[in-house]
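Enquirer: Task: produce atomic coordinates for the following.
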Amino acid sequence: MYALELKNVQKTYENGFQALKGIDLSVLKGSFFGLLGANGAGKSTAINIISRLIPHTSGKIIINGFDLDKQVYQAKASIGIVPQEFNLPLFETVEEILINSAGYHGISRKKALSKANWLLTELGLESKKNNIIYELSGGMKRRLMIARSLMHQPELLILDEPSAGVDVEIRHTIWHFLKTINKAGTSIILTTHYLEEAEQLCDEVAIIHHGKIVEQASIDELLKTPAKQTYVIHTLDYYPRTLELTTGFIKQITDNSFEIDIINQQNLNSLFLELHQKNIVIQSVAPKTNRLEALFMELIRDEN
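Expert: Down below sits the predicted model:
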């Protein structure tokens, strides 16, 4: 059973711009799914279509088994949406926003209060329940929007750039909470251009580029795919800028720092062996980009 299916979904605006070019996507129930792409790739367009904020031009969208065109109420009732932009009423309290959201779904005030208290505690907002929205920081507003989207216990939670504008501590608070509800059975889809976020949270990802899905696979499968990766190496001794290596492509930055492009872990071992044979002592080595970032860049470069 799928939490979400997109079948040849296209979106063309009146000016002729084609934002989505026939997207096919399948997200299993219970999964933590990432939709990755640069700004303008089509991530938010896809989310806005799923939430019916904008119409799609053609194709089929099925949410938790409900056809979004034919069973609108059932489909929309089974999802929670956290948009990228803040859309909270400025002069209501935190608790009032959650209670009112639950009321739109026919949930009694008693049940809503219990649910709100749990969510606010889990998201570190319990001390802010009587605060008016304009008194909250950006990170608090982001967490409140997540809480609001979950008041009716949706089967599928969709988040558009959930870490936008929050500091590292709040980001990790959000990550921990999302992992908790996912383990409890909530399917989650997030859009992000933070590849660290996808690697930390998601068990499967799709990469969107210029309105097309260029790859969909599990994180483990993607990370097994050969891809060029750049490492930065600092040596103990200083060398004139004439050092040559047979392993990978080397670019000398300073007299004791180098950038080296290699294809896989085996090549990295060969590099260390060659440096050892040349009596070059390594002081430090670190990837310039993480593994998923390197693969992402290679995939979208192939599509340009």
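Enquirer: From the centroid of the protein, which residue is nearest?
Expert: Within the chain, the residue whose C-alpha comes closest to the C-alpha centroid is residue 192; the distance, by CA atoms, centre = their mean, is 3.3 Å.
Enquirer: Would you mind giving me the confidence score for it?
Expert: The predicted structure scores residue 192 at 84 on the pLDDT scale.
Enquirer: do the same with residue 210
Expert: Taking residue 210 on its own, its pLDDT is 88.
Enquirer: ok, so what distance separates it from residue 229?
Expert: Using CB to CB, to the nearest Å, one gets 24 Å for the distance from residue 210 to residue 229. C-beta coordinates here come from the backbone N, C-alpha and C atoms, glycine included.
Enquirer: More neighbours: the two, which one.
Expert: A direct count of neighbours by other CB atoms under 10 Å for residue 210 and residue 229 places residue 229 higher, at 24 against 17.
Enquirer: Quickly list what that one is bridged to.
Expert: According to DSSP bridges, the residues that bridge with residue 229 are residue 262.
Enquirer: quick one on the thing from earlier: how about the contacts made by the residue nearest to the centre of the chain?
Expert: The neighbours of residue 192, taking CB atoms under 8 Å, 6 or more residues apart in numbering as the test, are 34, 35, 36, 161, 162, 163, 198.
Enquirer: Over to residue 134?
Expert: When contacts are counted by CB under 8 Å, 6+ apart, residue 134 is found next to 90, 91.
Enquirer: got the residue ranges for the strands in this protein?
Expert: For the chain, the strands identified by DSSP state E occupy 2-12, 18-28, 32-36, 58-63, 66-67, 79-82, 156-160, 187-192, 204-209, 212-218, 229-235, 249-254, 257-262, 282-287, in order along the chain.
Enquirer: Which one of those strands has the poorest average confidence?
Expert: Per-segment mean pLDDT for the strands of the chain reaches its minimum on strand 249-254, at a mean of 75.
Enquirer: Packing partners of it?
Expert: Contact partners of strand 249-254 among helices and strands, from 3 or more CB pairs under 8 Å, 6 or more residues apart in numbering; DSSP states H and E: strand 257-262.
Enquirer: The biggest helix by length in the chain vs strand 156-160, what angle?
Expert: Residue-count comparison of every helix in the chain, with assignments taken from DSSP state H, identifies helix 168-183 as the longest. For helix 168-183 against strand 156-160, the angle by axes from the mean of the first three to the mean of the last three CA atoms, to 10 degrees is 160 degrees.
Enquirer: what's helix 168-183 packed up against?
Expert: In terms of contacts (3+ CB pairs under 8 Å, 6+ apart), helix 168-183 is packed against strand 32-36, helix 138-149, strand 156-160, strand 187-192, helix 195-201.
Enquirer: what's the third one in contact with?
Expert: Looking back up the chat, that one is strand 156-160. Under the criterion CB under 8 Å, 6+ apart, residues 3-4, 43-44, 47, 50-51, 63-64, 78-84, 146, 149-150, 178, 181, 186-191 lie in contact with strand 156-160.
Enquirer: For the stretch 101-250 of the chain, give me the ranges with low pLDDT.
Expert: Judged by pLDDT under 70, the stretch 101-250 of the chain has its weakly predicted residues at 223-228, 240-243, 247-248.
Enquirer: quick one on the thing from earlier: so for residue 72, which of the helices and strands packed on helix 168-183 sits nearest?
Expert: The closest approach between residue 72 and any of these, judged by CB to CB, belongs to strand 156-160 at 15.2 Å.
Enquirer: mind checking how far that closest one is from the chain centre?
Expert: Offset of strand 156-160 from its chain centre (CA atoms, centre = their mean, to the nearest Å): 10 Å.
Enquirer: For it, which strands pair with it and how are they oriented?
Expert: Its sheet considered, strand 156-160 pairs with strand 79-82 (parallel), strand 187-192 (parallel) by DSSP bridges.
Enquirer: Tell me which of those sits most buried.
Expert: Ranked by average neighbour count under the criterion mean count of other CB atoms under 10 Å, the strands paired with strand 156-160 are headed by strand 187-192 at a mean of 24.
Enquirer: Give me the angle between that strand and strand 18-28.
Expert: Using the same axes, to 10 degrees, one finds that strand 187-192 and strand 18-28 are set 150 degrees apart in direction.
Enquirer: Tell me, how many residues neighbour the closest residue to residue 136 other than its chain neighbours?
Expert: Among residues not flanking residue 136 along the chain, residue 128 sits closest, at 6.5 Å (CB to CB, 6 or more residues apart in numbering). In terms of burial, residue 128 registers 20 neighbours under the definition other CB under 10 Å.
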